[in-house]
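> Starting from these lines, generate the structure:
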Amino acid sequence: MSAPAGPRQGAIFAFDSAAPARFAPAAVSPGDHVAWTGLIERFVFRNPEKGFGIALLRRDDGIGATIKGSLWGLNVGDSVAIEGVAEDDPRHGRQIKVLSARPILPDTREGVARYLRSGKIAGIGPTIAQRLLDHLGADALEQIRQNPDVLKGVKGLNRKARAALVDQVQVNAEAAANAVFLFGLGLGPLLTARIAQRYGNDTVRQVRERPYRLAEDVPGIGFKTADRLARELGVPATSPDRMRAGLVHALQELAQQGHTAPPEPTVLAAAAGVLEVEPDALAEAVDLLMAQGALVRSDGALCLAELAHAEQRLAQRLAALLHEKSLELLDISARLADAEVALGFALEGSQREAVTRTLQTGVLVVTGGPGTGKTTIIRGVLAAMARDKPRLALAAPTGRAARRLAEATGAEAKTLHRLLEFEPRTGRFLRNADVPLDADLIIVDEVSMMEVSLAAALFDATPLGARVLLVGDADQLPSVGPGAVLDDLIQSQCMPVVALDRIYRQGEGSQIALNAQRVRDGLMPQSSPRNADGDFFLVPREQPEDILAGVLEIVQHRLPQRGFEPIRDIQVLAPVHRGPLGTHALNEALREALNPHGEQLGNGLRVGDKVQQLKNDYDLEVFNGDIGVVVGRGVGRADNRQPGLPLAPTVQIRFGERLVDVEGSALDNLQLAYAVTVHKSQGSEYPAVILPLHPSHHIMLQRNLLYTALTRGRRFVVLVGPLRAIERAVQNDAPIHRHTQLRQALQRSMQEVA
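Take a look at the predicted model:
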């Protein structure tokens, strides 16, 4: 069979020795498992940060293939051993999905020849490469590694080229040894490459001597993985390093549950359970970690130092801002008149108080439920201070909430991370105490979502003399991250707080805000009469399959009859991910109902799918929680394309008014969003919300979760499920208490500055 004139995209190919750019197909069928050694010819696409790559592999016998998967740490010219499975890509043809890939030193004549001719070793061209092979044979690289002097007999190999070759062989040999060692411990290619990248030539020693440091140094490795490796390496179960690592792991787990200052007995019991020791065995580990500055003991609590310091910094900064004396404004009455003119109506009650107190103090908290006028307060404050032409900084914890704030005010609003100029590569904020924000008035919306470290960073960067207005709903779910910032500020009784309690949407006939208030007060929501033109309905269903059928009927028929477009306007929420009424099952059922025939694009996505972003992507300007719709294949970035080679997987998504091309491993940050969790919906509003509830949701049937879900609906809300499940959620006003010390820290700081 003759070779084609150019590379066949995505195909298995064979190299013509006389013309290496010419390929011919080889017989590998989908599903075949392969174990090959060869050389990375070139990369079609790679994401160095996430390890994903698509590359052309030249096998030692001249056969080649497009390989894709975790290729972390590998470069053009590297010899590798791969294991994988052949599969057919709908666009690019046959490829090898990599299960493992590790660097090796080639030990065949063909492999060594390709390694030497790869171009990665300066001063060695085809002629010198052939002389090296003739002089040393197939084990040339191993001879060079063991005794560099064997190169002295190679004619034409100067000292500089000889040194470069020895260095390269040593580097590859060390990488191969690291890979063999780490693969031998049962680690996959991604973690193996991350460890080798972190420790370099010292990998084997570091892992052998300090396996528990992996949990601190290497992303993706937690205590359990490090503990397994340590035990395989013979580290005793009673090792002090193990005790310390287990203790830190327990504190981190508690922090993920929201606790910044858990009681010491709780911490010790959790760590003892993980380590399978008695709590008393941890005394030495506690003392050592405290001496190292990693832990803080405070008022009976044992805290991770970074969280304890964040609470302390936040408290001190708030106290300083509240006692700032340079904030006096004249003509308060005239400024209120300015606000009323801009708003078009007279401020009254708590709304008037909120605008007035913002003008009078350094920091004010405004809290209230839906329809109580929180946005009105923000607009009123902006109008009241307009004559001063203040430098404004409007922000919210999420991109969705920031966009809503911008739409409501007509002013620019940013995520808090973007406002503080977060640097993803270093994990630091460029705006801080040394480089504060250029702002006289800072307004933050959706403060219930703000975790303590982010709040501390915000106030670190807040200049003395600035006014800060914090707006949120204290009855919503707390932040996903550690702390209970909004609740602590209110409960401290140190902060100026205005609670908005009057519902202004009531006159518009909305039952949503009234029912949210009923749920907040522990009362069952009331359904609009059947067949009425209301906006809030309870649809009783008992069994999970009947609830799912009810959700599909409402999405496909009932709400479209009222003018709601299913994908654009309707959002299904769920308390959990798993189970017959979790987001996973709901998404599959809703996609089959709403988008059964969309073109398959790879990565499990179809044209027309509704998707949600899971992580902030500052390059694409797409943020955690953003929802979009897949519109087709993207073109990919020019710097990731090479003529005649397959493009990286790229999907074009419409986020609001923007078309965004998402490619490669960034696609892993997307998930279906026909249904999302209530937690993921925070900071968003949707025209219509459907919430299926069932007793199987157990502990997640909480009043604040139900309240948060109801307040996401702007024009229509439907609850589907047994009334007893809704009643259980209404009655359960005992969500997991978060152990924090911000309120105590704030009380102390206020006394110190008094």
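> So V76 belongs to a strand, correct?
No: counting by DSSP: H, G, I helix; E, B strand; the rest coil, V76 is not found in a strand; it is coil.
> per-residue confidence at it?
V76 carries a pLDDT score of 79 in this model.
> Please apply the same query to A176.
75.
> Next: E508.
For E508, the pLDDT comes out at 50.
> now the helices for the stretch 451-600 of the chain?
452-460, 485-491, 512-520, 544-553, 559-561, 566-569, 583-594 (DSSP state H, counting those that start in this stretch).
> and I627, which of these is closest to it?
Proximity to I627 (CB to CB) singles out helix 566-569 among the helices of the stretch 451-600 of the chain, at 9.8 Å. Every C-beta, even on glycine, is put in place using the N, C-alpha and C of the backbone.
> For the closest one, buried residues please.
566-567, 569 (16 or more other CB atoms under 10 Å).
> now stretch 676-689
676-689.
> hmm, back to that, list just the nearest of the buried residues of helix 566-569 to S696.
Closest to S696, out of all of the buried residues of helix 566-569 and judged by CB to CB, is P566, at 25.8 Å.
> shouldn't the closest one be in contact with R558?
No: in this structure P566 lies outside contact range of R558 using CB atoms under 8 Å: 10.6 Å.
> Following the longest helix anywhere in the chain in sequence, what is the next regular element?
In the chain, assigned by DSSP state H, the helix with the most residues is helix 159-184. As assigned by DSSP states H and E, the chain's next helix or strand after helix 159-184 is helix 189-199.
> by how many degrees do that following helix and helix 159-184 diverge?
If you take axes from the mean of the first three to the mean of the last three CA atoms, to 10 degrees, helix 189-199 sits at 130 degrees to helix 159-184.
> What are the contacting residues of helix 189-199?
With CB atoms under 8 Å, 6 or more residues apart in numbering as the test, helix 189-199 has contacts from 51, 69-74, 98-102, 175, 178-179, 182-183, 187, 203, 206-207, 214, 217-221, 225.
> now stretch 301-312
The contact list for stretch 301-312 (CB under 8 Å, 6+ apart) reads 248, 251-252, 255, 260-264, 267-268, 286, 293-298, 452-453, 455-456, 482-483, 739-742, 745.
> Take those residues and keep only those in helices.
Reading helices off the contacts of stretch 301-312 with DSSP H, I get 248, 251-252, 255, 264, 267-268, 286, 452-453, 455-456, 742, 745.
> Mind giving me the ChimeraX command for buried ones among those residues?
Only the buried entries of those go into this ChimeraX selection, using 16+ other CB under 10 Å:
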select :248,251,255,264,267,268,286,452,453,455,456,742,745
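> residue contacts, the closest residue to Y686 other than its chain neighbours?
Nearest residue to Y686, sequence neighbours excluded (CB to CB, 6 or more residues apart in numbering): Q571, at 3.9 Å. Q571 sits next to 675-676, 681, 684, 686, 688-690, 712 when contact means CB under 8 Å, 6+ apart.
> contacting residues for G293?
Here G293 is in contact with A305 (CB under 8 Å, 6+ apart).
> now the strands: where do they sit in the stretch 1-150 of the chain?
13-14, 33-46, 52-59, 63-70, 79-89, 93-103 (DSSP state E, counting those that start in this stretch).
> Looking at those, which is nearest to L489?
Closest among those, once you apply CB to CB, is strand 52-59, at 42.2 Å.
> how distant is the closest one from the center of its chain?
28 Å (CA atoms, centre = their mean, to the nearest Å).
> now stretch 550-568
31 Å.
> what sits up against that stretch?
539, 541, 569-570, 572, 586, 589-590, 593-595, 608, 610, 629, 674, 687-688, 690, 692, 716, 718, 720.
> So for it, first residue to last residue, what's the gap.
Start-to-end span of stretch 550-568 (CA to CA, to the nearest Å) is 19 Å.
> Equivalent analysis for stretch 407-415, please.
End-to-end for stretch 407-415, by CA to CA: 14 Å.
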